[in-house]
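In: A predicted structure for the sequence below; I have some questions about it.
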Amino acid sequence: MSKPFLSLSLDMDNQWSYMKIHGEEGWEEYPSYLDIFVPHVLKVLADLDLKITFFIVGQDAAFESNHKYLKAIADAGHDIANHSFKHETWLHLYTKEEMKEEIDTAHDIIEKVTGKTPSGFRGPGFSWSRTLLEVLSEKNYKYDASTLPTVIGPLARAYYFSTSNLSKEEKEDRKEIFGKFSDGFRKLKPYYWQLKKEKKLLELPVTTMPLFRIPFHLSYLLYLSNISIHIAMLYLNIAIFLCKITRTEPSFLLHPLDLIGGDQIESLAFFPGMNISSDRKIFIFKKVMRKLAKHFTLVDMNTHVEAIESKTSLKSVAISSLS
């Protein structure tokens, strides 16, 4: 009997985007760590023979200095998707015209630089709106992956604000980052948004722990590993068990700082989790991947989406009911 799928994706947030989110001065100069991170992550993934989806920020693709690194990702056989152009966590506030320009600009430059056409999207900070879904559908994207069905969104936002240097106005722009408590009750399994004119768009949520609706992607496992690696793996085992008994095929999220530490990127040493060395992070990552591979077939997002689309049992959800 074949194992269920688990899709792996990595949001390619660069140094400047972390600084921008955190309210740090100097992000407007667009400092980058792609020259360090990309060779590092490609070697790790090659060692594990994994192909994943990289959600790329269009602004990074606009700089010629980044082209060879982004092209290297595609040349290594990884899937490419769209993570917006400006990486703004208030994307849900955009007008239709602003949203279309944001998606189109990122799409075009990512396609030009990598040679691969994005067919999926994830909003920065899990930001999404009806307008976004309509624009993606009109552009014939296969899927959106912006929702995070978790009840701890307000707590994550409070922690994010408490550790940032954001002004009152900037916090107001970001007041819905990580979502509301009620977002924890959104569907966990993939489903279709039913849009106007018989258009539909597949939603592939970032998977949280079934029943409890708390995240278990790598950032959280790393945090727990600071307490105890055994606690982190127990937490993961519980998540796997609940996914299996509920027949949930996970979408497992990675971030660059999950895989590299402050020993290699000293400028972001102040970020949570950057006190863990790169070697330690890779040790934990490989341990987690081996555990997941025992229960699931690890694939990129596009492969997962194609498998989902081949099924006919997905329920269409009216967008008007999810305001």
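Out: Structure's in. What do you need? Numbering: from 1, shown residues only.
In: Could you pull up the contacting residues of Ala232?
Out: By Cβ atoms under 8 Å, 6 or more residues apart in numbering, the residues touching Ala232 are Leu221, Leu222, Leu224, Ser225, Ile284. C-beta here means a position set from N, CA and C on the backbone, and glycine is covered the same way.
In: Would you double-check that it falls in a helix?
Out: Yes - under DSSP: H, G, I helix; E, B strand; the rest coil, Ala232 sits within a helix.
In: what's the distance between it and Ser225?
Out: In this view, Ala232 and Ser225 are 4 Å apart by Cβ to Cβ, to the nearest Å.
In: Show me the common contact partners of these two, please.
Out: With contacts taken as Cβ under 8 Å, 6+ apart, Ala232 and Ser225 have Ile284 as neighbours in common.
In: excluding its backbone neighbours, what's nearest Arg213?
Out: Nearest residue to Arg213, sequence neighbours excluded (Cβ to Cβ, 6 or more residues apart in numbering): Gly184, at 4.3 Å.
In: Am I right that that neighbour sits in a strand?
Out: No - assigned with three-state DSSP, Gly184 falls outside any strand and is helix.
In: all helices of the stretch 201-323 of the chain, in order?
Out: Residue ranges of the helices in the stretch 201-323 of the chain, as given by DSSP state H, counting those that start in this stretch, are 218-227, 229-245, 278-295, 301-309.
In: chain center to the second one, what's the gap?
Out: On the basis of Cα atoms, centre = their mean, to the nearest Å, helix 229-245 sits 20 Å off its chain's mean C-alpha point.
In: Quick one: residues contacting the closest residue in space to Leu222 that isn't next to it in sequence.
Out: Residue nearest to Leu222 in three dimensions, not counting chain neighbours: Gly273, with 5.4 Å by Cβ to Cβ, 6+ apart. Gly273 makes contacts with Ser219, Leu222, Tyr223, Asn226, Leu257, Asp258, as judged by Cβ under 8 Å, 6+ apart.
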